[in-house]
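1. Task: produce atomic coordinates for the following.
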Amino acid sequence: MFVRYAGPENAPPIVLLHGYPQTSAMWHRMAPMLARSFQVVCPDLRGYGKSEKPASDISHFPFSKRAMAKDIVAVMKNLGHDKFFVGAHDRGARVAHRLGLDYPDSVEAMVLLDIAPTREMYEGTTTKFARAYWHWFFLIQPYPLPEQIISKDPEAFWKLKCFNQTRGENPFSKEALAEYLDAFKQSDTIHSSCEDYRAAATIDIEHDNEDKGKKLLMPILALWAKRGVIETCFDALKLWRQRANEVEGEALQSGHYMAEEIPEEIATRMSNFFSRNI
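-> Okay, here's the model as predicted:
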């Protein structure tokens, strides 16, 4: 696992989990603000960035959120943290959801950015949602269809998907964008990220169903983009309250990439929420 970290040694720890198709660089505008009061840990998820891209299998388990969550617990224990806060966006927030279910004693509180629970999003699919989140249904197609298409021009695909979610705008810094594109051009990253989505549509939902209604026990702050699909297609708070005991949250004036579009506001809200739950 490739990990960036900073902050006072004895400060409360936060792990920040990035989304698709990015890396831990997505936190570069927020992490310095949070690192004034917290020890901030930003890993590249397995299959992304500079972290290992393990071989998958027919069940997609190596890219299940359960496997990814286990990685995060191992990273934090290696850094000396048995308990920690979690801030997460997009795919990383789906890892965080499983992390909170499988390791409730490790997670003190979570801030989840611009997602609703995966199972419920698939169950609530509408034409409007499918048109906006077309990549959900493209990336889960059997190997090697999406891999072959993306590999023809990875940069063009990355920009098509990401700029589609920002209404054609570019909220990314030059340095972060260069890191994203460099990582995404690698064939093993393309395959791993497809496996991430295939797992989400199959084994991750199986794990959710096996929980038989088990809920997240830690406090949850859900924040989502007013200019995004969660706001227009789902009742985020209602869905999260079905999956967690203690949830608050609201939509903010932003697009999908909240940590890069409104970093000061997200950092402040994270800091205040976590400080209340120390």
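2. those helices in the stretch 101-250 of the chain, which residues are they?
-> 118-123, 127-132, 134-138, 145-152, 154-164, 174-184, 187-201, 203-210, 229-233, 236-243 (DSSP state H, counting those that start in this stretch).
3. With mean pLDDT added, can I get these in a markdown table?
-> Shown next, in a markdown table, are those (pLDDT from 0 to 100):
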| stretch | mean pLDDT |
| --- | --- |
| helix 118-123 | 97 |
| helix 127-132 | 96 |
| helix 134-138 | 98 |
| helix 145-152 | 98 |
| helix 154-164 | 96 |
| helix 174-184 | 98 |
| helix 187-201 | 98 |
| helix 203-210 | 98 |
| helix 229-233 | 97 |
| helix 236-243 | 98 |
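4. R29: how many residues sit nearby?
-> The burial count assigned to R29 is 19, neighbours taken as other C-beta atoms under 10 Å. Just so you know, the C-beta spots here come from the backbone N, C-alpha and C atoms, and that holds for glycine as well.
5. host element of it?
-> Counting by DSSP states H and E, there is no helix or strand that carries R29.
6. Quick check, Q253 in contact with K226.
-> Yes: in this structure, Q253 is within contact of K226 by C-beta atoms under 8 Å, at 5.5 Å.
7. Can you tell me which of the helices of the stretch 101-250 of the chain is nearest to Y5?
-> Smallest distance to Y5 across the helices of the stretch 101-250 of the chain (C-beta to C-beta): 16.9 Å, for helix 174-184.
8. Run the angle between that closest one and helix 187-201 for me.
-> Orientation of helix 174-184 against helix 187-201 (axes from the mean of the first three to the mean of the last three C-alpha atoms, to 10 degrees) gives an angle of 90 degrees.
9. that's a strand at F85, yeah?
-> Yes: F85 forms part of a strand when assessed by DSSP: H, G, I helix; E, B strand; the rest coil.
10. that older thread, could you dump the helices of the stretch 101-250 of the chain to JSON lines with mean neighbour count?
-> JSON lines is the format used below for the helices of the stretch 101-250 of the chain (neighbours: other C-beta atoms under 10 Å):
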{"stretch": "helix 118-123", "mean neighbour count": "17"}
{"stretch": "helix 127-132", "mean neighbour count": "12"}
{"stretch": "helix 134-138", "mean neighbour count": "16"}
{"stretch": "helix 145-152", "mean neighbour count": "15"}
{"stretch": "helix 154-164", "mean neighbour count": "16"}
{"stretch": "helix 174-184", "mean neighbour count": "17"}
{"stretch": "helix 187-201", "mean neighbour count": "22"}
{"stretch": "helix 203-210", "mean neighbour count": "16"}
{"stretch": "helix 229-233", "mean neighbour count": "18"}
{"stretch": "helix 236-243", "mean neighbour count": "19"}
